[in-house]
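Q: Quick one, structure for this:
(chains A and B)
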Amino acid sequence: MDIKFIAGVLLGNGLAIGAAAILFGRGQVRLANSETITKRLGQEIPGFRAGACDIATDGHTALVEDVANRGIVLVKTLGKGHVVRKLSRNVLNEVTRRGALLSLRLADFTYARADIELHNESLAREWETRLRERR
Amino acid sequence: MNLPNLLAIATPVVFLLMIVEMVFWRFTGRDNFEVRDTAVTLLMAFVTVITTSIFATVNDPFNAAVARYHLVDLGWSWPVFVAAFVLADLSFYCWHRANHRVRLLWADHVQHHSSQYFNMSTALRVAATGSFIYGLFFYAPMILLGFPLPILIFVRSINLVYQFWIHTETIGKCPKWFEAVMNTPSHHRVHHATNPRYLDANYGGVLIIWDRLFGTFAAEHPDDRPRYGIVKNLGTFNPVKVILHEWVGIAKDVWRAKNLKEVAGYLFAPPGWSPNGDHETSESIKANWASVSDK
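A: Below is the predicted model:
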């Protein structure tokens, strides 16, 4: 094992991570509005047609109805990227609600739980009903 | 004859170019990096450096043992060097294509594709065990054919180093003649994209001619900007989960399998395969997209 080479790689890693931290940092984009989200989903999911769409109060998660495929899609921001999950029967394990807060447990190793605080309780109840219908 | 250690020579240049690219994007206003993503990538690169050194203790004696059974002694000459380079690139194409089409291999290779960012650091986001398996697959047949091991190590290094610079959005299109023959940033952006039209395309390493020859070539479309990552993007920056997620998926599927045919399907069929076909594969995504586009 070439210790000099390994030390060089370690130093290079440190410098590159430092540069990324200084120049870009930990980005966390917000979901701008329903149009932006549905436009993106339209690009990602063939045939997608948007129905109801609500963004959580923190601006980082959203629930979107896909009318064409009769499904619900969960969108969350991760850094400057997006994570999209179709909430099919196989994926959605459990839905609970406390007031305006919806908690979803997903059968997903990298995204196991989503807490979505919606703007009011009745909105959360509507989504809870939709999600339960699809379980 | 002693051939230079290309990887050692290229390493400082690689880090320098990565930082230059960061500075370029920072001052041209494009937010093309995320520190947690870069950190995960470079952690994976570091682990790979360590594991490659460890695996060499197995690979090197194995290669030496295989060399005793070579069919002919091709010796050292320019034609042998060129033939080794071309065959090495074809071997990479086959290996890379298999990595996308066999789930057991994809479990490793998916790590390279798991970032939603496409920049030079992405080139270093590689699986820790990749060198071991590819080492066995790549070197043994070429050694048996009679290529000297130092030449194979050298052409493999050229292949690896070449693939660094094509992981970038900084370079648009190269001259037409170059795009026709060589793998370029444009071709490789397509390879890393999840847009349905780009799925399962451009597996070439240095030369893109293999994709053109075997029908896997897709050109970057000016109206369809690549979206990077995987079809089901990861919901975390946790490096352990990034590395293990597909292995965990395979383990769960195999555990639930009802018979050996299903086990084989989950291990060797393309990613997304399921017994009843209710999961998405790149074929089903492309077919859906094509049917919607036709309307």
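
Q: So which bits of the biggest helix by length in chain A are buried?
A: The longest helix of chain A (DSSP state H) is helix A:3-23. Neighbour-count burial for helix A:3-23, counted by 16 or more other Cβ atoms under 10 Å in any protein chain shown, picks out A:8-9, A:12-13, A:16-17, A:19-20, A:23. Glycine gets a C-beta too; all of them are placed from N, C-alpha and C.

Q: Near B:G29, how many other residues are there?
A: By other Cβ atoms under 10 Å in any protein chain shown, 6 other residues sit near B:G29.

Q: for it, helix, strand, or coil?
A: At B:G29 the chain is in coil, as set by DSSP: H, G, I helix; E, B strand; the rest coil.

Q: which helices and strands sit right next to the helix or strand bottoming out on mean pLDDT in chain A?
A: Least confident helix or strand of chain A, by mean pLDDT, DSSP states H and E, is helix A:34-44 with a mean of 89. Judged by 3 or more Cβ pairs under 8 Å, 6 or more residues apart in numbering or on different chains; DSSP states H and E, helix A:34-44 is in contact with strand A:50-55, strand A:61-66, strand A:71-78, strand A:81-86.

Q: Which among those strands is found nearest to chain B?
A: strand A:81-86 (3.5 Å; Cβ to the nearest Cβ).

Q: got the contact list for the closest one?
A: Outside strand A:81-86, the residues that touch it by Cβ atoms under 8 Å, 6 or more residues apart in numbering or on different chains are A:29, A:40-41, A:44-45, A:66, A:69, A:71-77, A:91, A:106, A:108, A:111, B:34, B:116-117, B:229, B:232-235.

Q: Centre of the chain to stretch B:228-247, how far?
A: 16 Å (Cα atoms, centre = their mean, to the nearest Å).

Q: Buried residues in it, which are they?
A: Applying 16+ other Cβ under 10 Å to stretch B:228-247 flags B:228-237, B:239, B:241-246 as buried.

Q: got it, and stretch B:12-23?
A: Buried residues in stretch B:12-23 (16+ other Cβ under 10 Å): B:14-15, B:17-19, B:21-22.

Q: List the contacts of the residue nearest to A:V95 when sequence neighbours are not counted.
A: Excluding the flanking residues, the one nearest A:V95 by Cβ to Cβ, 6 or more residues apart in numbering or on different chains is A:L131, at 4.7 Å. The contact partners of A:L131, by Cβ under 8 Å, 6+ apart, come to A:72, A:87, A:92, A:95, A:102, A:104.

Q: same for the helix or strand encompassing B:F15, what does it pack against?
A: B:F15 belongs to helix B:6-27 when assigned by DSSP states H and E. Under the contact definition 3+ Cβ pairs under 8 Å, 6+ apart, helix B:6-27 sits against helix A:3-23, helix B:149-165.

Q: looking at these, which is closest to B:K173?
A: helix B:149-165 (14.4 Å; Cβ to Cβ).

Q: Look up which residues are beta-bridged to the residue lying closest to A:S34 once chain neighbours are set aside.
A: Residue nearest to A:S34 in three dimensions, not counting chain neighbours: A:C53, with 4.1 Å by Cβ to Cβ, 6+ apart. As for beta bridges, A:C53 partners with A:V64 under DSSP bridges.

Q: burial of A:C53, as a residue count?
A: By other Cβ under 10 Å, the residues close to A:C53 number 18.

Q: how about the contacts of A:L131 in JSON lines, adding pLDDT and neighbour count?
A: Formatted as JSON lines, those follow (pLDDT from 0 to 100; neighbours: other Cβ atoms under 10 Å in any protein chain shown):
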{"residue": "A:I72", "pLDDT": "94", "neighbour count": "21"}
{"residue": "A:L87", "pLDDT": "93", "neighbour count": "22"}
{"residue": "A:L92", "pLDDT": "93", "neighbour count": "22"}
{"residue": "A:V95", "pLDDT": "94", "neighbour count": "18"}
{"residue": "A:L102", "pLDDT": "96", "neighbour count": "24"}
{"residue": "A:L104", "pLDDT": "95", "neighbour count": "26"}
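
Q: Out of those residues, which comes closest to A:L123?
A: Distances from A:L123 to those, taken by Cβ to Cβ, are shortest for A:L102, at 9.3 Å.

Q: wait, that closest one sits on A:V95?
A: Yes - taking contacts as Cβ atoms under 8 Å, A:L102 lies within contact range of A:V95: 6.9 Å.

Q: got any residues that touch both of those two?
A: Common contact partners of A:L102 and A:V95 (Cβ under 8 Å, 6+ apart): A:128, A:131.

Q: so how far is A:L118 from the nearest residue to A:R40 once chain neighbours are set aside?
A: Closest residue in space to A:R40, ignoring its immediate chain neighbours: A:H82 at 6.7 Å, by Cβ to Cβ, 6+ apart. A:H82 sits 19 Å away from A:L118, going by Cβ to Cβ, to the nearest Å.

Q: who has more neighbours, those two?
A: A:L118 (24 against 20).
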